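J.: model this:
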Amino acid sequence: MSQFPIVPTGENVTRQVLSNHPDLMVVAFRFAASGAVGALHDHPHVQSTYVESGRFRFTLGDDVQEFGPGDSFVIPSGQNHGCVCLVPGKLVDTFTPRRDDFL
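T.: Numbers count the residues shown, from 1 in each chain. Below you'll find the model as predicted:
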């Protein structure tokens with residue numbers, strides 16, 4: 001069980017750090033309703049996303065793709081990205097280096 005709090009990040013979206021080290025961080029994002037949004041953004045961290053459950057439409061730079069349970073992908077440093085939840089579920093994101101702004 002994570003010692004980190006569950007933090008609201010938007011309507012029907014929460015974030016919880018699961019583990020962290022200066023070089024690596026694992027974070028769970030839970031989307032409680034269809035239509036919930038992970039806002040478009042970018043950051044200097046390399047990000048790997050694993051879809052644990054649910055279905056999501058991601059904008060990755062100029063591309064739009066749908067992902068479901070078991071899918072994973074990498075988002076390069078600086079790439080604009082975000083998602084819309086199609087079916088409620090959970091994303092597990094890994095960042096390198098860690099996201100100090102999440103602590």
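
J.: so what's the residue minimising distance to the centre of the chain bridging to?
T.: By Cα atoms, centre = their mean, the chain has its centre lying nearest to Asp93, at 4.9 Å. Under DSSP bridges, the beta-bridge partners of Asp93 are Val27, Thr49.

J.: hmm, Asn20 and it touching each other?
T.: No. Counting by Cβ atoms under 8 Å, Asp93 sits too far from Asn20 to count as a contact (12.0 Å). Glycine gets a C-beta too; all of them are placed from N, C-alpha and C.

J.: which stretches of this structure aren't confidently modelled?
T.: For the chain, the stretches flagged by pLDDT under 70 are 1-2.

J.: got the residue ranges for the strands in it?
T.: Along the chain, counting by DSSP state E, strands occupy 7-10, 13-21, 24-31, 37-41, 46-60, 63-67, 72-75, 81-96.

J.: tell me which residues touch Met25, please.
T.: Applying Cβ atoms under 8 Å, 6 or more residues apart in numbering, we find Met25 in contact with Val17, Ser19, Thr94, Phe95, Thr96, Pro97, Arg98, Arg99, Phe102.

J.: number of nearby residues for the fourth one?
T.: Using other Cβ atoms under 10 Å, Phe95 has 21 other residues around it.

J.: against Phe102, how distant is it?
T.: Distance, Phe95 to Phe102, using Cβ to Cβ, to the nearest Å: 8 Å.
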